[in-house]
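Participant: for reference, the sequence and a predicted model appear below.
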Number of protein chains: 2
Amino acid sequence: MAQDPHNHSQKNKPVEQMLTEQGIFVTAQRRIIAEALFARNQHITADQLLGLVNKNSAKVSKATIYNTLGLFADKGLVREIHINASKTFYDSNASRHHHFYNVDTGDLIDMKERLVPLFLQSDLPDGTVMETADVVVRVRNQTL
Amino acid sequence: MAQDPHNHSQKNKPVEQMLTEQGIFVTAQRRIIAEALFARNQHITADQLLGLVNKNSAKVSKATIYNTLGLFADKGLVREIHINASKTFYDSNASRHHHFYNVDTGDLIDMKERLVPLFLQSDLPDGTVMETADVVVRVRNQTL
DNA sequence: TTTTAGATTTAGACTAAGTCTAAGATCTTC
DNA sequence: GAAGATCTTAGACTTAGTCTAAATCTAAAA
């Protein structure tokens, strides 16, 4: 059940406030993870975040990284972007926007807002409500 | 390098023609896989296709299923739809359309064509060309 | 028709992202 | 501080997908 905090600039709030506003109980590990994750807008994998958080001495386990990213995603604080079966990014900017993925370089690039499609409730399958709308446009380097 | 055969009704062509038109050498295994895959419009996983093809006695190996689906995707005959890290569908209808994914039921549902966004070359990152544009809208069952 | 070289297929080992388990730690409230 | 809930953890486990190296197939040359 994703909330939609429309957190265009939540990165400026203390992470404690971000979490409590979404009804997330603040723990030491969640604070550490949130500090690392929301320090800036970034596209990061679970593994990269694990490394970042434990850079000097282990502080948070792999299971907690996954649990916490899942929790944050449920609450709408981060967005999961599934590129393929073995590449999932977490986007610390959860505001409404989408992505270009360069298959040659592996870069994930933000899409300009005007390119984002809108889906109305009436467009959805009967009896459903929207959770997330993800657009990934795969591009490759132009061959001259 | 995905081609775009715009194969709205390639399912009516003999599979041999579909493959040769895309420059794919026809082998026994590729014919078996293509027959099963393009018999109808379907969203199917690699594993399901492996089971379908080998229903009575083994005919095609797992490696060949993956290799062939990858080849067909490269040539634009099927579309890969990445739902999450452990769920990838192959869509035997490769024509331009997108999907709703119901997280409660696991159903993947075709999106009406008018909802499909368009991306112009000028919208893409500099020096890149579009490969595929995938839209997956995640929905959940409405709670009354 | 045999040879040859390249392409294809295969079994099964392997990889790695992510999940699970069950025990321990931590917090809340009485 | 005891009870009970929630959270964290190490490390085992699962599983989709990849890799490898040998065997097979194909087309066409000799």
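Facilitator: Okay, I see it. Since the structure is predicted, the reported quantities are computational estimates derived from the model, not experimental observations.

Participant: who in chain A is up against DNA strand D?
Facilitator: For chain A, the contact set with DNA strand D under Cβ under 7 Å from any atom of the strand comprises A:25, A:27-30, A:58-64, A:67-68, A:85-86. (Glycine included, C-beta is placed from N, CA and C.)

Participant: if you set the cut-off to 6 Å instead, what comes out?
Facilitator: Within chain A, the positions adjacent to DNA strand D are A:25, A:27, A:29-30, A:58, A:60-64, A:67-68, A:85 by Cβ under 6 Å from any atom of the strand.

Participant: buried subset of these as a ChimeraX selection?
Facilitator: Buried residues among the residues of chain A next to DNA strand D (16 or more other Cβ atoms under 10 Å in any protein chain shown), as a ChimeraX selection:
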select /A:29,30,60,64,68
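
Participant: in TSV: the residues of chain A next to DNA strand D, plus pLDDT, distance to DNA strand C and secondary structure.
Facilitator: Shown next, in TSV, are the residues of chain A next to DNA strand D (pLDDT from 0 to 100; distance: Cβ to the nearest atom of the strand, whole Å; DSSP: H, G, I helix; E, B strand; the rest coil):
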residue	pLDDT	distance to DNA strand C	secondary structure
A:25	95	7	coil
A:27	96	6	coil
A:29	96	10	helix
A:30	97	11	helix
A:58	81	14	coil
A:60	96	13	coil
A:61	97	8	coil
A:62	97	6	helix
A:63	97	4	helix
A:64	97	9	helix
A:67	98	8	helix
A:68	98	11	helix
A:85	94	8	coil
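
Participant: the inter-axis angle of the longest strand that chain A contains versus strand B:128-141?
Facilitator: Determined from DSSP state E, the single longest strand within chain A is strand A:128-141. Between strand A:128-141 and strand B:128-141, the angle comes out at 170 degrees (axes from the mean of the first three to the mean of the last three Cα atoms, to 10 degrees).

Participant: hey, C-alpha coordinates of strand A:128-141 in CSV?
Facilitator: Extracted in CSV, the C-alpha atoms of strand A:128-141 (Å, rounded to 0.1, in the frame of the first residue of the first chain):
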residue,chain,number,x,y,z
THR,A,128,-8.3,-1.8,-8.9
VAL,A,129,-6.5,1.3,-7.7
MET,A,130,-3.1,2.5,-8.9
GLU,A,131,-0.1,1.7,-6.8
THR,A,132,2.8,3.0,-8.9
ALA,A,133,3.3,3.9,-12.6
ASP,A,134,6.7,3.1,-13.8
VAL,A,135,8.1,4.0,-17.1
VAL,A,136,11.5,2.9,-18.2
VAL,A,137,12.7,3.8,-21.7
ARG,A,138,15.6,1.7,-22.7
VAL,A,139,18.0,3.6,-25.0
ARG,A,140,21.4,2.7,-26.5
ASN,A,141,24.3,4.8,-27.7
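
Participant: among the residues of chain A next to DNA strand D, which two are most distant?
Facilitator: Pairwise distances across the residues of chain A next to DNA strand D (Cβ to Cβ) peak at 32.5 Å, for the pair A:25 and A:85.

Participant: give me the distance between stretch A:33-46 and the centre of its chain.
Facilitator: Relative to the centre of its chain, stretch A:33-46 is centred 8 Å away, using Cα atoms, centre = their mean, to the nearest Å.

Participant: can you list the strands that the helix or strand of chain A with the lowest mean pLDDT pairs with?
Facilitator: Sorting the helices and strands of chain A by mean pLDDT, DSSP states H and E puts strand A:128-141 at the bottom, at a mean of 81. Applying DSSP bridges, strand A:128-141 is found paired with strand A:99-102 (parallel), strand B:128-141 (antiparallel).

Participant: what residues does the shortest one touch?
Facilitator: Outside strand A:99-102, the residues within contact range by Cβ atoms under 8 Å, 6 or more residues apart in numbering or on different chains are A:43, A:81, A:83, A:91, A:107-111, A:135-141, B:124-125, B:128.

Participant: now for the helix or strand that it is followed by, which elements pack on it?
Facilitator: Counting by DSSP states H and E, the element after strand A:99-102 in chain order, helix or strand, is strand A:108-110. Judged by 3 or more Cβ pairs under 8 Å, 6 or more residues apart in numbering or on different chains; DSSP states H and E, the packing partners of strand A:108-110 are strand A:99-102.

Participant: next to DNA strand C, which bits of chain A? Give me the list.
Facilitator: Within chain A, the residues that sit near DNA strand C (Cβ under 6 Å from any atom of the strand) are A:45, A:46, A:47, A:62, A:63, A:66, A:86, A:88.
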